[in-house]
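In: Got a predicted structure plus its sequence, pasted below:
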Amino acid sequence: MKITPSDLHEAPLFGKRGWCAKGCRAWAAAHHLDWSAFVRDGIDEAELLATGDPMAAALVDWKKSQQDES
């Protein structure tokens, strides 16, 4: 499953809707992920989960829950 920039804008974080792009860009850099490639193509859930970061896992879980609803 691909996670896209649109998902970042829709996913809740700490009770608020949407994640901060500036913060996500810094997060991606800290985890050695290519932000430009993510913006262009999305990123596979496995690559996000491989970071071991709980925020990445929460985003993947949210995306799966959205697919389950449709």
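Out: Perfect, I can see it now. Numbers count the residues shown, from 1 in each chain.
In: Can you read off the backbone torsions of the residue most central in space within the chain?
Out: Compute the mean C-alpha point of the chain, and by Cα atoms, centre = their mean the closest residue is residue 59, 5.0 Å away. Geometry field for residue 59 lists phi and psi as phi -70, psi -40, criterion degrees, to the nearest 10.
In: go on, residue 54?
Out: With angles defined as degrees, to the nearest 10, residue 54 sits at phi -60, psi -30.
In: chain center to the lowest-mean-pLDDT helix or strand in the chain: distance?
Out: Least confident helix or strand of the chain, by mean pLDDT, DSSP states H and E, is strand 16-17 with a mean of 72. The gap between where strand 16-17 is centred and where its chain is centred comes out at 14 Å by Cα atoms, centre = their mean, to the nearest Å.
In: What strands line up against that strand, and which way round?
Out: Looking at strand 16-17 with DSSP bridges, its paired strands and their directions are strand 12-13 (antiparallel).
In: where do the helices sit along this protein?
Out: Taking DSSP state H as the test, the helices found in the chain are 5-10, 21-30, 35-41, 45-49, 54-69.
In: okay, these in a markdown table with mean pLDDT next?
Out: Conversion of those to a markdown table gives the following (pLDDT from 0 to 100):
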| stretch | mean pLDDT |
| --- | --- |
| helix 5-10 | 87 |
| helix 21-30 | 89 |
| helix 35-41 | 95 |
| helix 45-49 | 96 |
| helix 54-69 | 90 |
